[in-house]
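Asker: model the structure of this input:
(one chain, ligands or ions: 1)
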Amino acid sequence: MIKVEGLTRDYGNFVAVDDISFTCKPGTVTGFLGPNGAGKTTTMRVMVGLTPATRGEVTIGGLHFHDIPNPGRHVGVLLDASAQHAGRTGREVLTLGARTMGLPMSRVEEMLALVALDDTESRRRVRNYSLGMRQRLGIAHALLGDPSVLILDEPANGLDPAGIRWMRGLLKGYADRGGTVLLSSHLLNEVEQIADEMLLIGRGKIVARGTKAELLAGAGGAGTLVVAEDNDRLVAALDERGISHTPVGLGFRVDAQPVDVGRLSVEKSIVLTDLRPVEGGLEDLFLELTSDTQRDDLAHLPAPTGAPL
Ligand SMILES: Nc1ncnc2c1ncn2[C@@H]1O[C@H](COP(=O)(O)OP(=O)(O)OP(=O)(O)O)[C@@H](O)[C@H]1O
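Answerer: Below is the predicted model of the structure:
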């Protein structure tokens, strides 16, 4: 169990992480989501004792990270896959890790096989690894000591689509066996498929949390698309209930949950020919909740000035 309580990290006048609290439970994958610079890495660095907290604390299994004996046997950490010694081979990195943790050398072979780094690749220096290979080595290193908690910062970074799917399966299986996983990403679709719980962070603050369903429900959903056999009667019924609606395609986008629109149509005996939630709800919600921290506004991008080729 990871417990974060009132965690704040200031850099001078700048508050990188602002009074956040959450727990990550055994048997679950928690997705830590937020745009660039939201405070995810800073939070994870504090968790593993690399950055001191300004206020608040983090405990893992009831202990501060630096009080955990032989921490690699309990907490697997991957913060920066490129932070390994570039002159060592992947095999050497894992061998040193295994020696430090007092593990049998067979563990190195097991981990290399798990992350699909073959014999030739494992004997190559890390400086010659692709980003995806570094990420695989980082995951192998995090899992080396068979820990019960995993803290992974953007582990899917650099993995190809098959690699991302492989990692999802790996982490899901790990959590199903009772492990605790905290996994950061700035990409919603990377985590929404495996995260049991999601934490959305923007400008150092947690702006939303819960399961995918809870997040959507908490935001009132993204609305409903509905088409009736007789749209005029549907409009009259919606107006009577004070439910706002805008024309879309053959029907309307309605500011209510599908179940409520369905109930209304049954009450008023209005035949519906289409009823569905507005798609892309979670993505919209994510962008909306973190909108003041987004950097990308293409509207002001000037047209290219170079002569057309
Ligand atoms: N040592 C530091 N000194 C000053 N500011 C820092 C320091 N470390 C982090 N920050 C700032 O804190 C904020 C949060 O950074 P952090 O790396 O935690 O974001 P992040 O959510 O992990 O972003 P990304 O998705 O881009 O990795 C950023 O504005 C960053 O510039």
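Asker: name the helix or strand of the protein that has the lowest mean pLDDT.
Answerer: Lowest on mean pLDDT, DSSP states H and E among the helices and strands of the chain sits helix 281-289, with a mean of 68.
Asker: show me what from the stretch 51-200 of the chain comes close to the ligand.
Answerer: Residues of the stretch 51-200 of the chain lying close to the ligand by CB under 6 Å from any ligand atom are His186. (C-beta placed from N, C-alpha, C; glycine too.)
Asker: from Leu33, how far off is the residue in the stretch 101-250 of the chain that the ligand sits nearest to?
Answerer: Proximity of the stretch 101-250 of the chain to the ligand (CB to the nearest ligand atom) peaks at His186, 4.4 Å away. Separation of His186 from Leu33 (CB to CB, to the nearest Å): 7 Å.
Asker: so for these two, which sits in the more crowded spot?
Answerer: More crowded of His186 and Leu33, by other CB atoms under 10 Å: Leu33, with 27 against 18.
Asker: pretty sure that one contacts Ser184?
Answerer: Yes - under the criterion of CB atoms under 8 Å, Leu33 makes contact with Ser184 at 7.4 Å.
Asker: which neighbours do the two share?
Answerer: The contact sets of Leu33 and Ser184 overlap at Lys40 (CB atoms under 8 Å, 6 or more residues apart in numbering).
Asker: what does the helix or strand Gln135 falls within contact?
Answerer: For Gln135, the host element (DSSP states H and E) is helix 131-143. Outside helix 131-143, the residues within contact range by CB under 8 Å, 6+ apart are 76-78, 80-82, 84, 90, 93-94, 97, 111-112, 114-117, 121, 126, 129, 150, 152, 155-160, 163, 167, 170, 174.
Asker: among the residues you listed, which lie within helices?
Answerer: The members of the contacts of helix 131-143 that map onto helices under DSSP state H are Gly90, Val93, Leu94, Gly97, Met111, Leu112, Leu114, Glu121, Gly163, Met167, Leu170, Tyr174.
Asker: need these in CSV with pLDDT, can you?
Answerer: Formatted as CSV, these follow (pLDDT from 0 to 100):
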residue, pLDDT
Gly90, 93
Val93, 94
Leu94, 95
Gly97, 94
Met111, 94
Leu112, 95
Leu114, 93
Glu121, 93
Gly163, 89
Met167, 90
Leu170, 92
Tyr174, 93
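Asker: for the residue of the stretch 101-250 of the chain closest to the ligand, give me phi and psi.
Answerer: In terms of degrees, to the nearest 10, the main-chain angles of His186 are phi -100, psi 0.
Asker: quick one: it and Ala38, what's the gap?
Answerer: Computed as CB to CB, the His186 to Ala38 distance reads 8 Å.
Asker: got the buried residues for the helix holding Gln135?
Answerer: Judged by neighbour count (16 or more other CB atoms under 10 Å), helix 131-143 contains these buried residues: Gly132, Met133, Arg134, Gln135, Arg136, Leu137, Gly138, Ile139, Ala140, His141, Ala142, Leu143.
Asker: remind me which residues of the protein are low pLDDT?
Answerer: Counting by pLDDT under 70, the chain shows low-confidence ranges at 217-222, 279-282, 284-285, 288-301.
Asker: outline the domain layout of the protein.
Answerer: Here the domain parsing of the chain from automatic domain parsing is 2-210, 223-277.
Asker: now the residue lying closest to Ala256 once chain neighbours are set aside: phi and psi?
Answerer: Residue nearest to Ala256 in three dimensions, not counting chain neighbours: Ile243, with 5.0 Å by CB to CB, 6 or more residues apart in numbering. Per-residue torsions, Ile243: phi -90, psi 120 (degrees, to the nearest 10).
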